[in-house]
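Engineer: pasted the sequence and its predicted model underneath.
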Amino acid sequence: MSTSRREFLMVGTKLLVMTAATRSALAHVLAGTPEQVDTYTAAEHWWAMVIDIEKCIGGGNCVKACKDENDVLNEPMYFRTWVERYHVNSADAEHPVVDSPNGAYDGFPEAYAEGEGKTFFVPKMCNHCVDSPCTQVCPVGATFVTVDGVVLVDKEYCIGCRYCVQACPYGCRYIDPRTHTADKCTLCYHRITKGLLPACVEVCPTGARQLADLKNPRDPVHEFLRTHPIQVLKPQMATGAKIFYNGLDGAVR
Amino acid sequence: MEGFMYPNELELQWSILIVLYPFITGLVAGAFILASLERVFNVEAVKPTYRLALLTALSFMLVAPLPLQLHLGHPERSFEMLLTPHTTSAMAMFGYVYLWYLMVVLVVEIWLDYRKDLVLAWHRSTGLTRLFYKVLTLGSGNISAGALKVDDTVGRIVTIVGIPSAFLLHGYVGFIFGSVKANPWWSTPMMPIVFLFSAIVSGIAAVLVLYIVITAWRGAHLDMACIDTIGRYLFYAFLIDFSLEMIDLIHRIYEADESFRSLDFMVHTRLFVSQIVIQIIVGTLIPIAMLALVQLMRLPERVRTWIYLSSGILTLAGIFAMRWNVVIGGQLFSKSFLGYTTYKLEFATREGLLPAILVMVLPFIILALLIRLLPPWATARASVPAVTEVA
């Protein structure tokens, strides 16, 4: 069997174009600029998350998965995501009892008996705010909101002044003692730009966390937001938070 | 830790070094404003402290960025703040405000004021000292009456520009804290104004104490008219400062917003000693009462001098406590308003007590050096060339 010159040229050119495209895509992903990959156009997305309080069982899988996926130090003061347990007595709703042992890395020990007020879990993470106070205060612009709505930190540029940690109303940032730079949730940017889910969403056994692309008209989030009472954390801060909670109790701060 | 903190809040972000930052810049701004009184408003009585105040401001100004550099995670990247400042950041302008104030205002004003002395020292000295003073004159040896008149006019303009610059410098430092909406202990438009007036108070107190101590050290005669005037300024500035702080406090207590219970608890427990005892009672009410006594009664010179000295020292302690309560106090409670943490001051670590003490000693070493090179006193000035001639 012989290959005609025409066939050889066609297949050869196709192979050549494909390897070149793959190489360039890989190069962009490795360089941390996946928005330049042909298959992912940042401007076509606007990332957010929906957290359903009624579904969260406080197992802590999300906390573990996040630490593993993102190489977050396993110490009790460095968390990209954590889970809080609220216990509210009906007579004193303004003063809830809250705990989060090691950020709920190992879940929660049994603490409250049935009928003793109400108890629920609140997963917390960076709110990827549209008007984020943390990016506003950065003196060198090392932290920024991406075109697709994710707040990231450039570790090569951060001077480690800690102003952003002070400015975040939600306590979502910390200084990584290994790099002496600010660190926080990236919404698993390295995953979502490849069509994957963030680690915390991936492992949640009850589906309490849902990644949402607000620019995608086919995303079921639109239906969910339309049909549920939705709340963001500390709305008085006017940060344009994009983590939308369903069933969030007024006692949560 | 007590109650609930967000997990990432367990680590305190800003240490004692960040307490020193507003304390030191406050001394700079305050000392400069005192110097400007003589220059711009022609208050002859405070003239003996004019040059001392300028040199004090310069000594502290040179040290001001040091605690920040010691604190940064990446000090080697700090110049990025000047090269690529992020325009929405309240912190990004510090380098510019600092350089403007240091280079354009302080250095130029001191140089113009000392130019005649520098030229005379250049001509009277020999060897390396001669070269040193020649370099400081920048090659200009013209000290004719006409040239000095020009110096005086330009110096006056620089001082006039300098007063708003000093206000800018410290009001700006207050804004860095006052604009953090996430932190109710900091977030108030009063912050820049309170910082500014406490700066004026601390700067005046510092120059007053330094003048009394150095004069005693030199065995020279203390100019009572001068310290009486400075004492009076301190008294008035302190009254304004205290009123502003009380307005802020009363407003917070009366409004009692969502953060109030948390902050109120903090002031009654963790901050009780530093806020109620040191800042308000020992560092404010007692010195104000002492200074008021001088205004109301005819006291002998010796008693007045002691009152100025001790109230000045108490004032400085009070203002330091105020910076401490703002910076450290603002980090002791959770932004969830559900818990509190403590600040553990270490000793010989990068952000411990030892580097803080060294940072605070350094301006005094610089000041001693500056006083030697650029004597602020008429009698000592005459002796400079004589001494170098012998050498």
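Structural biologist: Received the coordinates, thanks. Numbering: from 1, shown residues only, chains lettered A, B, ... in the order given.
Engineer: only C-alpha atoms from now on, for both contacts and neighbour counts.
Structural biologist: Will do.
Engineer: how about the residues of the stretch 251-391 of chain B by chain A?
Structural biologist: Within the stretch 251-391 of chain B, the positions adjacent to chain A are B:335-336, B:338 by C-alpha under 8 Å from any C-alpha of the partner chain.
Engineer: those in helices, which ones?
Structural biologist: Per DSSP state H, helices hold no members of those.
Engineer: how about those in a markdown table, adding pLDDT and neighbour count?
Structural biologist: Formatted as a markdown table, these follow (pLDDT from 0 to 100; neighbours: other C-alpha atoms under 10 Å in any protein chain shown):
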| residue | pLDDT | neighbour count |
| --- | --- | --- |
| B:335 | 97 | 25 |
| B:336 | 96 | 19 |
| B:338 | 95 | 20 |
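Engineer: close to chain B: what parts of the stretch 51-200 of chain A are there?
Structural biologist: A:76-79, A:82, A:95, A:97-100, A:102-103, A:136-141, A:157-162, A:165-174, A:180-181.
Engineer: if we use 7 Å, what do you get?
Structural biologist: A:76-79, A:98-99, A:103, A:136-141, A:159-162, A:167-169, A:171-174, A:180-181 (C-alpha under 7 Å from any C-alpha of the partner chain).
Engineer: quick one: buried residues of stretch A:162-179?
Structural biologist: By 16 or more other C-alpha atoms under 10 Å in any protein chain shown, the buried positions in stretch A:162-179 come out as A:162-176.
Engineer: actually stretch A:76-89, sorry about that
Structural biologist: A:76-88.
Engineer: where does it sit relative to the chain's centre, distance-wise?
Structural biologist: Distance, stretch centre to chain centre, for stretch A:76-89: 16 Å (C-alpha atoms, centre = their mean, to the nearest Å).
Engineer: which stretches of chain A form strands?
Structural biologist: Here chain A has its strands, by DSSP state E, at A:47-52, A:81-88, A:97-99, A:118-125, A:143-145, A:151-153, A:174-176, A:181-183, A:209-213, A:230-231, A:243-246.
Engineer: so which helix or strand of chain B has the lowest pLDDT on average?
Structural biologist: The helix or strand of chain B with the poorest confidence is helix B:378-390; it has a mean of 46 (mean pLDDT, DSSP states H and E).
Engineer: sorry, slip of the keys, the one I care about is chain A.
Structural biologist: Quick look at chain A via mean pLDDT, DSSP H and E: least confident is helix A:5-30, a mean of 74.
Engineer: how about whatever residue of the stretch 151-300 of chain B ends up closest to chain A, nearest residue that isn't a chain neighbour?
Structural biologist: Of all residues in the stretch 151-300 of chain B, residue B:182 sits closest to chain A, at 4.4 Å by C-alpha to the nearest C-alpha. The spatially closest residue to residue B:182, leaving aside those adjacent along the chain, is residue A:169, at 4.4 Å (C-alpha to C-alpha, 6 or more residues apart in numbering or on different chains).
Engineer: so who does the one residue in the stretch 251-391 of chain B that gets nearest to chain A touch?
Structural biologist: Using C-alpha to the nearest C-alpha, the closest approach of the stretch 251-391 of chain B to chain A is made by residue B:336 at 5.5 Å. Contacts of residue B:336 were listed using C-alpha atoms under 7 Å, 6 or more residues apart in numbering or on different chains, and they are A:253, B:5.
Engineer: make it 10 Å
Structural biologist: Neighbouring residues of residue B:336 by C-alpha atoms under 10 Å, 6 or more residues apart in numbering or on different chains: A:98, A:169-171, A:234, A:252-253, B:4-6, B:259, B:262.
Engineer: one more: residue A:73?
Structural biologist: A:67, A:79, A:176-178.
Engineer: okay, and which of the residues you listed map to helices?
Structural biologist: Per DSSP H, helices hold the following members of the contacts of residue A:73: residue A:67.
Engineer: distance to residue B:109 added to the contacts of residue A:73, as JSON lines?
Structural biologist: Listed next are those as JSON lines, based on distance: C-alpha to C-alpha, whole Å:
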{"residue": "A:67", "distance to residue B:109": "56"}
{"residue": "A:79", "distance to residue B:109": "51"}
{"residue": "A:176", "distance to residue B:109": "44"}
{"residue": "A:177", "distance to residue B:109": "43"}
{"residue": "A:178", "distance to residue B:109": "45"}
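Engineer: so which of the contacts of residue A:73 is the closest to chain B?
Structural biologist: Closest to chain B, out of all of the contacts of residue A:73 and judged by C-alpha to the nearest C-alpha, is residue A:79, at 6.4 Å.
Engineer: could you double-check that that closest one sits in contact with residue A:67?
Structural biologist: Yes - assessed by C-alpha atoms under 10 Å, residue A:79 is found in contact with residue A:67 at 7.6 Å.
Engineer: and for the two, which residues touch both?
Structural biologist: By C-alpha under 10 Å, 6+ apart, the residues touching both residue A:79 and residue A:67 are A:73, A:105.
Engineer: which secondary structure elements does whatever helix or strand residue B:365 lives in contact?
Structural biologist: Using DSSP states H and E, residue B:365 maps to helix B:353-373. The helices and strands touching helix B:353-373, judged by 3 or more C-alpha pairs under 10 Å, 6 or more residues apart in numbering or on different chains; DSSP states H and E, are helix B:16-41, helix B:50-63, helix B:65-71, helix B:127-137, helix B:378-390.
Engineer: now render those helices as JSON lines, adding mean neighbour count.
Structural biologist: Formatted as JSON lines, the helices and strands packed on helix B:353-373 follow (neighbours: other C-alpha atoms under 10 Å in any protein chain shown):
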{"stretch": "helix B:16-41", "mean neighbour count": "24"}
{"stretch": "helix B:50-63", "mean neighbour count": "24"}
{"stretch": "helix B:65-71", "mean neighbour count": "17"}
{"stretch": "helix B:127-137", "mean neighbour count": "16"}
{"stretch": "helix B:378-390", "mean neighbour count": "14"}
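Engineer: which one of the ones you listed lies nearest to residue A:248?
Structural biologist: Between residue A:248 and those, the tightest spacing by C-alpha to C-alpha is seen for helix B:16-41, at 37.1 Å.
Engineer: and the closest one with helix B:353-373, angle?
Structural biologist: If you take axes from the mean of the first three to the mean of the last three C-alpha atoms, to 10 degrees, helix B:16-41 sits at 30 degrees to helix B:353-373.
Engineer: what distance separates helix B:16-41 from the middle of the whole chain?
Structural biologist: That offset, for helix B:16-41, works out to 3 Å (C-alpha atoms, centre = their mean).
Engineer: same deal with stretch A:41-58?
Structural biologist: Worked out by C-alpha atoms, centre = their mean, stretch A:41-58 lies 8 Å from the chain centre.
Engineer: looking at that stretch now, give me its mean pLDDT.
Structural biologist: Across stretch A:41-58, the average pLDDT comes to 97.
Engineer: give the buried residues for that stretch.
Structural biologist: A:42, A:45-53, A:55-58.
Engineer: what about residue B:345, how many residues nearby?
Structural biologist: The local packing of residue B:345 (other C-alpha atoms under 10 Å in any protein chain shown) involves 12 other residues.
Engineer: got the confidence number for it?
Structural biologist: Residue B:345 is given a pLDDT of 95.
Engineer: next, it: secondary structure please.
Structural biologist: coil (DSSP: H, G, I helix; E, B strand; the rest coil).
Engineer: hmm, it is touching residue B:14, no?
Structural biologist: No - Residue B:345 is beyond contact range of residue B:14, at 11.3 Å (criterion: C-alpha under 10 Å).
Engineer: for these two, list the residues in contact with both.
Structural biologist: Contacts common to residue B:345 and residue B:14, judged by C-alpha under 10 Å, 6+ apart, are residue B:351.
Engineer: so which of the contacts of residue B:336 are in helices?
Structural biologist: residue B:262.
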